[in-house]
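J.: Below is the structure, and that's it, no one-letter string:
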């Protein structure tokens, strides 16, 4: 109770000390944040409202923000389609496996670069930084994947994008903040580099690892270009984003594949919004659980003391 009263008193003193200019800035800041939140939330609410409104309201463009009526026919049509579930499974597989591989490779690359004792630290850091500005083009990458036998396989999606140079540098910056005394004490006790990484650095690196997991998972979940290039003959391996692209860009309809009634032509427009919701909800549900570590990892990894 005493601590809460002290905090309340300090807050009141700060408000009293605020100059008129600071108050105007604070008000403008709140207004700007509110408008930014409204601009961000409006498309999400609009798409969700369109997906659950009645087909007649969607076709007549009666939905502006809140849903008009209630109908789940479009969801029923989508979830009855076997291609949706197959694409969903492929996307989950690419996201889980690709994120695990990318996070592991990033941490293993960042660990030696964060140690001052590593004699190739500067050379490899320069090499990773250079790769951010100069990268291989599509044709050499396509020929390489075809030559090593990854073409038309799942591994063509997760292995070529195994680790990003920017995330390696970000993880290296975070690992550099871990005191050298922990490393030296472990070496004195006879621990190997792999033991130090696995038992000391990784448990202390959960904030930055959560950042890497979010970035890599979002990248894998939203990825569709590599699947178009490396999986053209394997529709059974294509992710959900390719299915979404077929409906949104190529205007392919799944209504005829699911049902044959005359009312399905009215639902074809609503199917686009339903697929967007289906593809967006899982990644939105995961983010709140990692938000705490995400903010902490971004702050610590961005500043080196």
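T.: Received it, and whenever you're ready, just let me know what you need. Since the model is a prediction, treat every value here as computed from it, not as a measurement. Residues are numbered from 1 along each chain as shown.

J.: now whichever helix or strand residue 96 is part of: mean pLDDT?
T.: Assessed by DSSP states H and E, residue 96 sits inside helix 82-114. Across helix 82-114, pLDDT averages out at 90.

J.: Heading C-terminal from it, find the next helix or strand.
T.: helix 121-133.

J.: Which elements pack onto the helix or strand following that following helix?
T.: Next helix or strand after helix 121-133 toward the C-terminus (DSSP H and E): helix 138-147. Applying 3 or more Cβ pairs under 8 Å, 6 or more residues apart in numbering; DSSP states H and E, one finds that helix 138-147 makes contact with helix 225-230. From N, CA and C alone the C-beta is placed, and that goes for glycine too.

J.: in the helix holding residue 96, what's buried?
T.: Using 16 or more other Cβ atoms under 10 Å as the test for burial, helix 82-114 gives 83-84, 86-88, 90-91, 93-95, 97-99, 101-103, 105-107, 109-114.

J.: now swap in stretch 43-59 and tell me
T.: 46-55, 57-58.

J.: for it, the distance to its chain's centre please.
T.: 25 Å (Cα atoms, centre = their mean, to the nearest Å).

J.: likewise stretch 182-192?
T.: The chain centroid and the centroid of stretch 182-192 are separated by 35 Å under Cα atoms, centre = their mean.

J.: Same question for stretch 214-224.
T.: Worked out by Cα atoms, centre = their mean, stretch 214-224 lies 5 Å from the chain centre.

J.: returning to what we had before: measure how far the helix holding residue 96 is from the centre of its chain, please.
T.: 11 Å.

J.: in the chain, what secondary structure element scores lowest on mean pLDDT?
T.: helix 255-258 (a mean of 48; mean pLDDT, DSSP states H and E).

J.: sorry, back to before: in helices, which of the buried residues of stretch 43-59 fall?
T.: Mapping the buried residues of stretch 43-59 onto helices (DSSP state H) picks out 46-52, 55, 57-58.

J.: Could you point out which of these is nearest to residue 70?
T.: Nearest to residue 70 among those, counting by Cβ to Cβ, is residue 52 at 6.0 Å.

J.: Now do the contacts for the closest one.
T.: Residues near residue 52 by Cβ atoms under 8 Å, 6 or more residues apart in numbering: 67, 70-72, 75.

J.: Provide a list of residues in contact with residue 175.
T.: 110-111, 114, 201, 205, 208.

J.: now do 7 Å
T.: 110-111, 114, 201, 205 (Cβ atoms under 7 Å, 6 or more residues apart in numbering).

J.: Which strands and helices lie in contact with the helix holding residue 96?
T.: Judged by 3 or more Cβ pairs under 7 Å, 6 or more residues apart in numbering; DSSP states H and E, helix 82-114 is in contact with helix 121-133, helix 155-158, helix 165-176, helix 206-222, helix 240-248.

J.: what angle do that helix and helix 206-222 make?
T.: 140 degrees (axes from the mean of the first three to the mean of the last three Cα atoms, to 10 degrees).
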